[in-house]
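[1] sequence plus predicted model, see below.
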Amino acid sequence: MELKAMNTRTAKTSFQHLRGLKLAALALGSSIVLAGCAGNPPTEQYAVTQSAVNSAVSAGGTEFAAVEMKAAQDKFKQAEIAMHDKNYEQAKKLAEQAEWDARVAERKAQAAKAEKAVQDAKQGVQDLRDEGLRSAQ
C-alpha cells in the first residue's frame, strides 16, 4: 500500500513539473513572437511585394489594369516610407495590400490578354470562312 502511494505521488509531481515547463515554454515563445513582430522590419514581405509588383508590370498591368497597378505602386511607396520611418507594422500592412493589388492587376492583365487572343482567333476563323465562301463561288 505504501509503495502504491509513493508511485502516485511521484507521477503527480512529474506531471506537474512537465506542465509547468510547457507553460513556461509557451510564455517564452509568445513573448519572443510578440517582440519579434514589434521591432523587425518586414523585409520578406517587402521582397515578395516588390516581386509581385514587377510581375504585374511585366504582365501588362499598367496597360490592362491601370487602376489596380497604380494602387499597388502607391501602397508600395507608402510601405517604403513607413519602413524608412521604422513604422514596421504599418509597412507590413501596406506591403501586403500592395502585393494583393499587384496580383489583381497581373490577373486582370492576363485575362485581358487572353480575351484579346480569343477575339483575334474568332476574327481569324471568320476571315477563313469568308475566304472559303468567296473561293467556293
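    Perfect, I can see it now.
[2] from the chain's centre, how far out does whichever strand or helix holds residue 91 sit?
    Element membership for residue 91 (DSSP states H and E) is helix 88-136. The chain centre lies 22 Å from the centre of helix 88-136; the measure is C-alpha atoms, centre = their mean, to the nearest Å.
[3] any weak-confidence spans in this structure?
    Along the chain, segments meeting pLDDT under 70 span 1-38.
[4] got phi/psi on residue 40?
    The phi and psi torsions at residue 40 (degrees, to the nearest 10) take the values phi -100, psi 140.
[5] count the neighbours of it for me.
    Residues within reach of residue 40, counting by other C-beta atoms under 10 Å, total 11. Backbone N, C-alpha and C define where each C-beta goes, glycine included.
[6] repeat that for residue 133.
    Neighbours of residue 133 (other C-beta under 10 Å): 9.
[7] again, but for residue 64
    Count around residue 64 with other C-beta under 10 Å applied: 20.
[8] measure it to residue 86 for me?
    Relative to residue 86, residue 64 is positioned 36 Å away (criterion: C-beta to C-beta, to the nearest Å).
[9] same check, this time on residue 119
    For residue 119, the distance to residue 86 - C-beta to C-beta - is 50 Å.
[10] pull the CA atoms of stretch 47-63 into PDB?
    This file holds the C-alpha atoms of stretch 47-63, laid out as PDB (Å, rounded to 0.1, in the frame of the first residue of the first chain):
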ATOM      1  CA  ALA A  47      10.600  41.400 -51.200                       C
ATOM      2  CA  VAL A  48       7.500  39.400 -52.000                       C
ATOM      3  CA  THR A  49       5.600  42.700 -52.700                       C
ATOM      4  CA  GLN A  50       8.400  44.000 -54.900                       C
ATOM      5  CA  SER A  51       8.400  40.800 -56.900                       C
ATOM      6  CA  ALA A  52       4.500  40.900 -57.300                       C
ATOM      7  CA  VAL A  53       4.700  44.500 -58.500                       C
ATOM      8  CA  ASN A  54       7.400  43.700 -61.000                       C
ATOM      9  CA  SER A  55       5.400  40.600 -62.200                       C
ATOM     10  CA  ALA A  56       2.300  42.700 -62.700                       C
ATOM     11  CA  VAL A  57       4.200  45.300 -64.700                       C
ATOM     12  CA  SER A  58       5.700  42.600 -66.900                       C
ATOM     13  CA  ALA A  59       2.300  41.000 -67.400                       C
ATOM     14  CA  GLY A  60       1.000  44.400 -68.700                       C
ATOM     15  CA  GLY A  61      -0.700  45.600 -65.600                       C
ATOM     16  CA  THR A  62       0.000  49.200 -66.400                       C
ATOM     17  CA  GLU A  63      -1.900  48.800 -69.700                       C
END
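[11] fine by me, we can end here.
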